[in-house]
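[1] Quick one, structure for this:
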Amino acid sequence: MNSRKIRLFTWYRGANYGSSLQAYALLHKLALLGYKVKVIREFNYPYSLNSILNNIWLKLGFSVSIFRGLKIKRIRALKDYPYPVARKRFLSFFRKEIPSVLPAGPLSLGCMKRNTRVFVTGSDQLWNCYDHFRGLEFLDFVHGVKKVSYATSIGAGSIPEQYQDQVRSYLSEYSHISVREKSAELELKRITGRSDIRTVLDPTFLLSAEEWRSLAGGASNDLQMPGRYIFCYLLRKDFDYSETLARIKEQTGIQEAVLFPSNENPGLQIEGCRRCGNAGPKEFVKALDGAAFVLTDSFHGSALSIILGKQFANLKRFSDNDVKSQNSRLYNLMDMLGMQPRFVEDGFPQAIDYAVVQAKLAALREDSVSYLKEIVE
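    The predicted structure follows:
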């Protein structure tokens, strides 16, 4: 067994900037620590003839199904994302920056397990059981090999009651469990009875501003950004942001605004805001770093704003009273860093004193990196 080999299970292959960048950050940090890391691509499991064939064809860029005979059809990665330049840049980013493996069947899975020191889940909303529930995200395909969780999020503030017994069973096989939100720590402690569950920083925070700028140094220069602009990254659907953006412009004195469409809401248009659909992950970081102000309802949009020292404001994607609300992610993040919530629904937020925030972040980063080293050894 290669004592430095790690396999990471996370989400990253959609046209989602946050998911792609958090996967890159955790993989990159583990590689900097001296480990040989690959991300496990989503695959069909439990194994059957149909699932194995699907996995084989997925590795080749095809889809296959057995129903009234064998049917094979070609599929394009990110085929539903309507921005072809950005699509190519996402795929190039996955290929160059996130080495991966897909265990097609029992033999390849067995070989992977024999040659892996530790399996890691994290981060993003892998354990959001209101949105989905599969054993795959809890590494149910791994037994007899060390399993740990780094900063895995449950998305909402709780686990639905009908899944709690199964979650308890899955997590009993983990030697170490850490989550991204304090509310998730309390919920999983309650469900599992374990006292060793910890809250740590999202993987994006494991890399410094300089490391993110180094990644962005490989970005294309064809986005033609204004000299001073508001960077808009908004995931919520069926909402008119025009009035909010107008208020932000008035408050900041910044008249130019550029919208970076999300995978969740690719067709969004906002009055007084130019849409930029050509950005891959590197271009996204570069454009955010160049912004004078950021408006977002995204956790990772907020995280990168903090890392890069940007003044920003949040919008709520959910009602705070909704049991499925994901607003707790941002409340928890601000609390960790000693910041006040920055929701414009509560009034225009005060300017951030980054001398205080960055000092807090540096201490938390050191603690989180130490924990990561501990759990993979």
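
[2] Now A151: phi and psi?
    The phi/psi pair for A151 (degrees, to the nearest 10) reads phi 60, psi 30.

[3] Next up, the contacts around it.
    If you count contacts by CB atoms under 8 Å, 6 or more residues apart in numbering, A151 has them with 26, 122-123, 178-180, 200-203, 368. For glycine as for every other residue, the C-beta is placed from the backbone atoms N, C-alpha and C.

[4] what do you get for E283?
    If you count contacts by CB under 8 Å, 6+ apart, then E283 has 89, 216, 219-220, 223 around it.

[5] Can you flag the buried ones in those?
    89, 216, 219, 223 (16 or more other CB atoms under 10 Å).

[6] Go through the residues you listed and say which is closest to G105.
    Nearest to G105 among the buried ones among the contacts of E283, counting by CB to CB, is R89 at 32.0 Å.

[7] element containing the closest one?
    According to DSSP states H and E, R89 maps onto helix 84-97.

[8] Kindly report the same for A287.
    Assigned by DSSP H and E, A287 falls in helix 281-289.

[9] How far does that helix sit from its chain's centre?
    Here helix 281-289 is found 15 Å from its chain centre; the criterion is CA atoms, centre = their mean, to the nearest Å.

[10] Tell me which helix or strand comes right after that helix.
    Next element after helix 281-289 (DSSP H and E): strand 293-296.

[11] what's in contact with that next one?
    230-234, 244-245, 248, 252, 254, 257, 288, 301-302, 305, 310-315, 344.

[12] Give me the neighbour count for V285.
    V285 has 26 neighbours, counted by other CB atoms under 10 Å.

[13] The closest residue to it other than its chain neighbours and Y17, how far apart?
    Distances taken as CB to CB, 6 or more residues apart in numbering place A216 nearest to V285, at 4.3 Å, with adjacent residues excluded. From A216 across to Y17, the span is 12 Å (CB to CB, to the nearest Å).

[14] what do you get for G135?
    28 Å.

[15] swap in L234?
    Distance from L234 to Y17, by CB to CB: 12 Å.

[16] same thing with Y174?
    Counting by CB to CB, the gap from Y174 to Y17 is 28 Å.

[17] okay, those two: which has more neighbours?
    Shown here are Y174 and Y17; by other CB under 10 Å, Y17 has more neighbours (25 against 22).

[18] Tell me who's in contact with the more buried one.
    233, 260, 262, 279, 281, 284, 298, 300-301.

[19] Likewise for M334?
    340-342.

[20] what's T10 in contact with, if anything?
    Taking CB under 8 Å, 6+ apart, one finds 19, 22-23, 26, 39, 121-124, 126 in contact with T10.

[21] for S183, helix, strand, or coil?
    helix (DSSP: H, G, I helix; E, B strand; the rest coil).

[22] Same question for the one 3 residues further on.
    Classification of L186 into helix, strand or coil gives helix, according to three-state DSSP.

[23] ok, now how distant is it from G157?
    Distance of L186 to G157, given as CB to CB: 9 Å.

[24] re earlier: with distance to S208, pLDDT and neighbour count added, can I get the contacts of M334 in JSON lines?
    As requested, the contacts of M334 are exported to JSON lines (distance: CB to CB, whole Å; pLDDT from 0 to 100; neighbours: other CB atoms under 10 Å):
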{"residue": "Q340", "distance to S208": "24", "pLDDT": "94", "neighbour count": "11"}
{"residue": "P341", "distance to S208": "25", "pLDDT": "94", "neighbour count": "15"}
{"residue": "R342", "distance to S208": "22", "pLDDT": "96", "neighbour count": "21"}
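
[25] Name the nearest of the residues you listed relative to K147.
    P341 (34.2 Å).

[26] pretty sure S368 contacts T199?
    No. Counting by CB atoms under 8 Å, T199 is not a contact partner of S368; they are 9.4 Å apart.

[27] between these two, who's got more neighbours?
    Applying other CB under 10 Å to S368 and T199 shows that S368 carries more neighbours, namely 22 against 18.

[28] in the longest helix seen in the chain, what counts as buried?
    Longest helix of the chain, by residue count under DSSP state H: helix 354-376. By neighbour count on 16+ other CB under 10 Å, the buried set for helix 354-376 is 357-358, 361, 364-365, 368-369, 371-372, 375-376.

[29] Next: stretch 286-303.
    286-303.

[30] Any stretches of the stretch 1-150 of the chain with poor pLDDT?
    By pLDDT under 70, the weakly predicted segments of the stretch 1-150 of the chain are 1-2, 62-75.

[31] got the residue ranges for the strands in it?
    5-9, 36-40, 62-66, 70-74, 100-101, 118-121, 146-152 (DSSP state E, counting those that start in this stretch).
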